[in-house]
Structure formats: C-alpha cells, structure tokens
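S.K.: output the structure for:
(one chain, ligands or ions: 2)
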Amino acid sequence: MDKVRVIIAGPRGRMGKEAVKLVFHEEKFELVSVLDHKHDQKMLHEIDDFQLYENIPVYSNVEECLQKSNADVFVDLTTPEVGYLHTKTALQYGIRPVVGTTGFTQEQLIELKQLAEEKNIGCIIAPNFAIGAVLMMKFSQLAAKYFKDVEIIEMHHDQKLDAPSGTAVKTAEMISLSREKKQQGHPNESESITGARGANFDGMHIHSVRLPGLIAHQQVLFGADGQSLTIRHDSYNRSSFMSGVKLSIETVLAINTLVYGLENIID
Ligand SMILES: NC(=O)C1=CN([C@@H]2O[C@H](COP(=O)(O)OP(=O)(O)OC[C@H]3O[C@@H](n4cnc5c(N)ncnc54)[C@H](O)[C@@H]3O)[C@@H](O)[C@H]2O)C=CC1
Ligand SMILES: O=C(O)C1=N[C@H](C(=O)O)C[C@H](O)C1
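M.R.: Ligands and ions are numbered 1, 2, ... in the order given. Coordinates of the predicted model:
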C-alpha cells in the first residue's frame, strides 16, 4: 500500500516537533515537506534540532508548499489566524487537512465545513487529540444531563495564545447538548473586578489559568445540593496527543466532510 504523504505546518512548535517525529517514524506515513514561516527553501535537516530528518523541503508559502508536495494530508499546528488560512487553502487545493490548531471562530468552522463539502473531501479539526481529554468531554456531557450547574477550569502553559482553550469551548458545546438551560450563580451577582466570574457560555462559566510549568489540564466541576462531581484530565507531555494525530491522518482519507472533534471518529 502507498504511504500517506503528509505536510506539517508549524514544525518547530511544541506540537509540531512531536508531529514531525510521529510522521517521520511511522511506516505508513511519509513526511513530504514542512511549512514554516522561517527557513524558506532550506531542507529540514539544516535547522537546529532536526538533523535527523533528511530530504524534507521547507516552504514558507502555503500555496507553493501545496503545489510542490503532492501530499494527501496537511497537518496544521500553528496559530489561530494562520491555521485558518492554511486549512482553507489546503481544502481549495484538494489536500485533506488535519487541524490541531485551536481558536477558530464558529463562522470559520462553518465556512470550512462548506468548503470541504463543496470539494467533497475530508477535514478533521480536533480541539484535543488526547483520548483522555475526549473521554473527559464525553463524561461531562453525560453528567450535565443530571447536573445543570457546572464550571469549567482549564489550565495551560503561559505561552498559549487563545483563551478559553479549544478543549474548554468544545466541552461547553458538548455539555450544552445535554444540560437544561440555566443562567448560573446569583441573579444579582456582580464583578468588582472584571472577569472574576470567567467567560459566560450559555450561562455556565469557563475560567482560564495560565502558568509556567503547566502543559494542558482541565477540570469540569458539577455541583448540586450537598454534592459535587469533578471530572479532570491532565496531559503531562505532548506525545499524549500523538495517537489522536495518527488516527486523524488515517481517518481523514476515508471521509468526505468536515469533522469537528475526535469524539466523532473514535468508536
Ligand atoms: N488539538 C490538540 O490536541 C492540541 C492543539 N494545540 C494547539 O496547536 C497549536 C500550536 O500549539 P503549540 O505547538 O503549543 O504552539 P507553538 O507556539 O509552540 O507552535 C506554533 C508554531 O507555528 C509556527 N508558525 C507561526 N506562523 C506560521 C506560519 N505562517 N507558517 C508556518 N508556521 C507558522 C511558529 O513558528 C511555531 O513554531 C495551538 O493552536 C494550540 O492551541 C496544542 C496542543 C494540543
Ligand atoms: O495550546 C495548548 O497547549 C493546547 N491546546 C489545545 C486547546 O486549546 O484545547 C489542546 C490542549 O489543551 C493543549
């Protein structure tokens, strides 16, 4: 069977480095090029920390990268603004995106879904590739059927650009599917310091913590009379996300629509 030809955007990032390792060493995949806003026209092995990875061209222009690489799948691990443009361009070129980048708006997701359907190709956008995080979201959706009071606390390293995290937003969206609508807290509550109650999603609150030393952690706290339930997930390293990246690369070849969330592709 032919190997799956993969481009990775953002190879020098925290996630990108892990993804390069995964795709390069996975026998069913072939890393055909990387997209990096620096180092245009170099080879990957010429960049510090990448000496091992031979014969992989680096491009800085997304269109040139897509035109020259003859790829099957485009993996994006960059920043919200750039990741959206990359995903749209990959779809326009008929290359299937697997997107870990978070921070896309609802409008952008809708537009990308329409484009994937127009092109009749797969696209996977996964706010969290870790199986434990996906289970945390599913368990939270189940718990919300019985507990309508919930606060989401997401905790990340202090280099993260987007807040709330993509995982927290997805968790809130999934909870909304089963939670009876409620504006939580006291009807007359007020904030003496703006933001004290966090972000308001459908009446539930999301709190974003940023600290050096953290990687990716989330607690979903449910409360009811005389009891509470806490569902927590921790990623202690970025290899925790790689089985989900591998599954997404394999799955995106077999679908012809946009899937938002790994829970939609795991059994
Ligand atoms: N879905 C998931 O499971 C996970 C998603 N993420 C998300 O992945 C994204 C990346 O996260 P990190 O690796 O921690 O960030 P990072 O800041 O370490 O890496 C981002 C990389 O993108 C590169 N970049 C910026 N502009 C670019 C451009 N125009 N072309 C090509 N590359 C460009 C930067 O040079 C940098 O190396 C974030 O949106 C984050 O929220 C992070 C961890 C897990
Ligand atoms: O930026 C990160 O690190 C992470 N981003 C994703 C998110 O926004 O949910 C996934 C994970 O939490 C790590």
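
S.K.: near ligand 2, which residues of the stretch 151-267 of the chain?
M.R.: Residues of the stretch 151-267 of the chain found near ligand 2 (C-beta under 6 Å from any ligand atom) are 156, 160, 165-167, 216. The way it works is simple: take the backbone N, C-alpha and C, and place the C-beta from them, glycine included.

S.K.: what do you get if the cut-off is 8 Å, keeping everything else the same?
M.R.: Proximity of the stretch 151-267 of the chain to ligand 2 is confined to 154, 156-157, 160-162, 164-170, 215-218, 235, 238, 241 under the rule C-beta under 8 Å from any ligand atom.

S.K.: which ones among the residues you listed map onto helices?
M.R.: Taking DSSP state H as the definition of helices, those contribute 166-170.

S.K.: most neighbours, which of those?
M.R.: Compared across these, residue 168 has the highest neighbour count, 28 neighbours, by other C-beta atoms under 10 Å.

S.K.: got the contact list for that residue?
M.R.: Going by C-beta atoms under 8 Å, 6 or more residues apart in numbering, residue 168 touches 152, 154, 206, 208, 218.

S.K.: can I get those in a markdown table with pLDDT and neighbour count?
M.R.: Converted to a markdown table, these look like this (pLDDT from 0 to 100; neighbours: other C-beta atoms under 10 Å):
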| residue | pLDDT | neighbour count |
| --- | --- | --- |
| 152 | 98 | 26 |
| 154 | 98 | 26 |
| 206 | 98 | 22 |
| 208 | 98 | 18 |
| 218 | 98 | 26 |
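
S.K.: pick the one among the residues you listed closest to ligand 1.
M.R.: Ligand 1 lies nearest to residue 154 out of the contacts of residue 168, by C-beta to the nearest ligand atom, at 11.0 Å.

S.K.: beta partners for that closest one?
M.R.: residue 208, residue 218 (DSSP bridges).

S.K.: OK, contacts around it?
M.R.: Counting by C-beta under 8 Å, 6+ apart, residue 154 touches 164-165, 167-168, 206-209, 217-218.

S.K.: take those residues and lay them out in a markdown table including distance to residue 75.
M.R.: As requested, these are arranged in a markdown table below (distance: C-beta to C-beta, whole Å):
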| residue | distance to residue 75 |
| --- | --- |
| 164 | 23 |
| 165 | 19 |
| 167 | 18 |
| 168 | 23 |
| 206 | 27 |
| 207 | 30 |
| 208 | 26 |
| 209 | 28 |
| 217 | 24 |
| 218 | 23 |
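
S.K.: right, and residue 104 touches residue 82 too?
M.R.: No. In this structure residue 104 lies outside contact range of residue 82 using C-beta atoms under 8 Å: 11.3 Å.

S.K.: mind checking pLDDT for the residue nearest to residue 80 when sequence neighbours are not counted?
M.R.: Nearest residue to residue 80 in three dimensions, chain neighbours excluded: residue 103, at 3.1 Å (C-beta to C-beta, 6 or more residues apart in numbering). If you check residue 103, the pLDDT there is 96.
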